[in-house]
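S.K.: Just need the structure, nothing else, for what follows:
(chains A and B)
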Number of protein chains: 2
Amino acid sequence: MNFKVTILGCGSALPAKGMHHAGQVVNVHEQFYLVDCGEGTQSRMMKYGISPHKIRAVFLTHLHGDHIYGIFPLISTLGLLGKKTPLKIFAPHPFGELLAAVASFIDSQLPFEIQYAPIDTTSTDVIYENKVLQVSAVPLRHSKPAAGFLFREKTPALNVRKETIGQYGLGIAQIVAAKNGRDITLADGRTVPNRELTYLPYSPRSYAYISDTAYSGKVAKLVEGVDLLYHEATFSAEEKMLARSTGHSTAADAAKAALNSGARELLIGHFSARYKDPALLLEQARAIFPATQIAQEGHTYGIPLTPGG
Amino acid sequence: MNFKVTILGCGSALPAKGMHHAGQVVNVHEQFYLVDCGEGTQSRMMKYGISPHKIRAVFLTHLHGDHIYGIFPLISTLGLLGKKTPLKIFAPHPFGELLAAVASFIDSQLPFEIQYAPIDTTSTDVIYENKVLQVSAVPLRHSKPAAGFLFREKTPALNVRKETIGQYGLGIAQIVAAKNGRDITLADGRTVPNRELTYLPYSPRSYAYISDTAYSGKVAKLVEGVDLLYHEATFSAEEKMLARSTGHSTAADAAKAALNSGARELLIGHFSARYKDPALLLEQARAIFPATQIAQEGHTYGIPLTPGG
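M.R.: Okay, the predicted model is just below:
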């Protein structure tokens, strides 16, 4: 039962050697989601062995080129590969109009449907949901309307404690009721609380993608208790004013967001091309939030299962 | 006095490992020109040490994504790098409208001007010219209006044959006249033909970029005598029908174009992703035109100087 993210690009707007434009693939129970899609995203998916066919939905944070210029060639490729099933794309307005404009000039007919849903970047709506996952928008503070994304695994079905079930001699109907979370009343009138009969096989996990944004206390609140927080850290503390004026974060801002949200782990990325080595950014973040890692292109960061109790 | 081309991408529409979308940099006397600009072109320019600042003009053959999707992020990068001088872009209609549409949705203000000039894909006009170079359009046979490009070095200034000049005891005015191509009349009435007094330091060189197109006898005629011909060879002979129906060439078509144009050397590229190794295409081309090479990404192919006589 995987819950992990593969980094395709950890650079910011100005490309640099070994740091590409934004892009990640989130894998939740072998369902794949693409988050942001800068130039060359499809090449790096190929490089890291992720077939574009696997992508169930695409989530784009905002309409800056370094987060979306890879989506047009990816759509072309999916067309050439003969994709038949619809492709869902979530992005702020007016992405749909941009897509239509580009398609009108360039693309021949695609063999699949694009289901575009605009994101309200001022709301914390659930924008995507299926049996195991729920994705919500997280309003960001950037120079363009932008939303981050919170991926939350749904609470798994309860498992029964076989020994206890046997001990009380429960029948099928009672076991089903217990699995549905009910307390059980025995023939002698005693009530057995549900938690004595069942347990969660694991705690639901969560991942938040927060880029691009200036530090926001609201964001920290919205991703409270997240297991893994990816937060942009475009600049070092020395460039604090530049970060503010461009709607970006310093490494310290990212760490503060992790601290204030009670995140378990922090992954920093979206580094400015001025940092040949992001070690300085890591150091500044770790001074505030020790459980910080550098997002490295091609690396996959898993969120391990923990007992649900 | 360089005249050479660096291959940035030699794949076709469907990307494959190690074969990227179309893109080349032509260097004529240290003036750099970008020809086609598929996704990731700027990354490969960076990889091969070619600064985007060096590009004087961009030539785009046609409005298919694999030939143009890299231009939008390249323009963004040039803006971030603070480019001030105008960027010339030559491309078929309606590229200007596409550029304007994308800019209206995404880009903030650029610090430089884009000078877009539409190419008439039915004409063989000279579309660009400066002191050392002339670029003409070459109408192609593709599924979209498309033009190839013929780069021709201009005839260099004549050099004087110092010994002969001394022998006839010519004065400054006569030497200038000889350098301008005139025959010289001596004091005793004799006329010295210009070719006895001067020589061309080298023969003007030429390069043709022909992609995407089905075989065309007209194209071969238009690039007659070209030193280096880059011709697309998307398919092998076995896929001749597919080549015809999609407006592409087989390796044999490319070789036929080289043969019929009297090209000195042929470079084939734009390979379909179905060929893991283009050796088969090379073999089929060489059977018709032995002086054929595979275009390899990252390689630079120079056209050597030959004496002008």
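S.K.: Pull the contacting residues for the residue sitting furthest away from the middle of chain A.
M.R.: Farthest-out residue of chain A from its mean C-alpha position, per CA atoms, centre = their mean: A:D188, at 49.5 Å. By CB atoms under 8 Å, 6 or more residues apart in numbering or on different chains, the contact list for A:D188 is empty. Using the backbone N, CA and C atoms, a C-beta is placed for each residue, glycine as well.
S.K.: before we move on, what about A:P111?
M.R.: Counted by CB under 8 Å, 6+ apart, A:P111 has contacts A:79, A:82-84.
S.K.: now swap in A:A103 and tell me
M.R.: With CB under 8 Å, 6+ apart, A:A103 has these contacts: A:L110.
S.K.: just checking, it is part of a helix?
M.R.: Yes: the assignment for A:A103 (DSSP: H, G, I helix; E, B strand; the rest coil) places it in a helix.
S.K.: Just give the number of residues close to the closest residue to A:A16 other than its chain neighbours.
M.R.: Leaving aside its sequence neighbours, A:A16 sits nearest to A:A273 (CB to CB, 6 or more residues apart in numbering or on different chains; 3.7 Å). Neighbour count of A:A273, defined by other CB atoms under 10 Å in any protein chain shown: 17.
S.K.: ok so, going back, please pick the buried ones from the contacts of A:P111.
M.R.: Buried by 16 or more other CB atoms under 10 Å in any protein chain shown: A:79, A:83, out of the contacts of A:P111.
S.K.: Of the contacts of A:P111, which is the nearest to chain B?
M.R.: A:G79 (9.3 Å; CB to the nearest CB).
S.K.: before we move on, which element is that closest one in?
M.R.: helix A:71-80 (DSSP states H and E).
S.K.: Buried residues, the helix or strand just after that helix. List them.
M.R.: Using DSSP H and E, the next helix or strand after helix A:71-80 towards the C-terminus is strand A:87-92. For strand A:87-92, burial by neighbour count (16+ other CB under 10 Å) applies to A:87-92.
S.K.: Over to stretch A:102-109?
M.R.: A:102-103, A:105-107.
S.K.: For A:Y168, state which of those is nearest.
M.R.: A:A103 (62.5 Å; CB to CB).
S.K.: The residue in the stretch 201-309 of chain A that chain B sits nearest to: which element?
M.R.: Across the stretch 201-309 of chain A, the shortest distance to chain B (CB to the nearest CB) belongs to A:A273, at 8.7 Å. If you go by DSSP H and E, A:A273 is not part of any helix or strand.
S.K.: can you check A:A173 too?
M.R.: Going by DSSP H and E, A:A173 is in helix A:172-179.
S.K.: next one: A:Q167
M.R.: Assigned by DSSP H and E, A:Q167 falls in helix A:162-168.
S.K.: any idea of the mean pLDDT in that helix?
M.R.: The pLDDT scores in helix A:162-168 average 93.
S.K.: helices or strands up against that helix?
M.R.: Judged by 3 or more CB pairs under 8 Å, 6 or more residues apart in numbering or on different chains; DSSP states H and E, the packing partners of helix A:162-168 are helix A:194-197.
S.K.: give the contact list for A:K131.
M.R.: A:K154.
S.K.: circling back: return the closest of the buried residues of strand A:87-92 with respect to B:E232.
M.R.: Using CB to CB, the buried residues of strand A:87-92 come closest to B:E232 at A:L87, 29.4 Å.
S.K.: Just give the nearest non-adjacent residue to the closest one, would you?
M.R.: In space, A:L87 is closest to A:I114, 5.4 Å off (CB to CB, 6+ apart).
S.K.: what's the answer for A:R44, then?
M.R.: Using CB to CB, 6+ apart and skipping the chain neighbours, the partner closest in space to A:R44 is A:L8 (4.3 Å).
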